[in-house]
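Trainee: predicted structure and sequence below. I'll ask about it afterward.
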Amino acid sequence: ILGSSSAAEQLADDPAVQRVMELLPQVTIALVGIGSLEPSPLLRESGNMTTAQDTDELGAAGAVGDVCLRFFDAEGHVVHSDYDRRLVGADADQIRAIPRRVAAAGGERKHAAIRGALLGGWVNVLITDVHTARSLLEG
């Protein structure tokens, strides 16, 4: 995450970054986390990359969670924002094009984010706790 969209564009234009990004279609498995919009106390205290202003703006746009810092709403749809334009890395389509997307996530605080990630096809393998699994099955 960069401070501005223009800085992200400049970094994305760097040949070294472009070479890495060109390798994305070759990725066949990704192990990812599912983040909730509100960071955990540990992330909040350790210097979370998402500022309070970013969190407020993403929340106002309907974001409930993220995969690889790409935020989505409760139905798994991408939430387009200034935050998204400041990122350098795989975009939503590139992430979802990876054949096997494995997430390890659980806990009540993340239920909405996990549900959105599954509904939106962000992940297709989920490792979770029994309480989260029950919540997902019960709807």
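Mentor: Right, received. Where do you want to start? Numbers count the residues shown, from 1 in each chain.

Trainee: list the buried residues for the strand or helix carrying Glu9?
Mentor: Using DSSP states H and E, Glu9 sits within helix 5-12. Buried positions in helix 5-12, judged by neighbour count with 16 or more other Cβ atoms under 10 Å: Ala8. The way it works is simple: take the backbone N, C-alpha and C, and place the C-beta from them, glycine included.

Trainee: same question for it, mean pLDDT?
Mentor: What helix 5-12 shows for mean pLDDT is 96.

Trainee: same deal with stretch 70-87?
Mentor: Taken as a whole, stretch 70-87 has a mean pLDDT of 96.

Trainee: same question, stretch 90-103
Mentor: For stretch 90-103, mean pLDDT rounds to 98.

Trainee: now the most centrally placed residue in the chain: how far from Arg101?
Mentor: Centroid check for the chain by Cα atoms, centre = their mean gives Val67 as the closest residue, at 2.0 Å. Per Cβ to Cβ, to the nearest Å, Val67 is found 8 Å from Arg101.

Trainee: now Asp91
Mentor: Distance from Asp91 to Arg101, by Cβ to Cβ: 14 Å.

Trainee: the more surrounded of those two?
Mentor: Remark: of Asp91 and Arg101, Arg101 carries more neighbours, 22 against 15, as counted by other Cβ atoms under 10 Å.

Trainee: right, and the helix or strand after the helix or strand encompassing that one?
Mentor: Assigned by DSSP H and E, Arg101 belongs to strand 100-104. Of the helices and strands lying after strand 100-104 in sequence (DSSP H and E), the nearest is helix 111-119.

Trainee: what pairs with the next helix or strand after that following helix, parallel or antiparallel?
Mentor: Counting by DSSP H and E, the next helix or strand C-terminal to helix 111-119 is strand 125-127. Applying DSSP bridges, strand 125-127 is found paired with strand 100-104 (parallel).

Trainee: how far does the strand it pairs with sit from its chain's centre?
Mentor: Offset of strand 100-104 from its chain centre (Cα atoms, centre = their mean, to the nearest Å): 12 Å.

Trainee: with stretch 38-58 instead?
Mentor: With Cα atoms, centre = their mean as the basis, stretch 38-58 stands 13 Å off its chain's centre.

Trainee: which parts of stretch 22-31 are buried?
Mentor: For stretch 22-31, a neighbour-count test (16+ other Cβ under 10 Å) marks Ala30 as buried.
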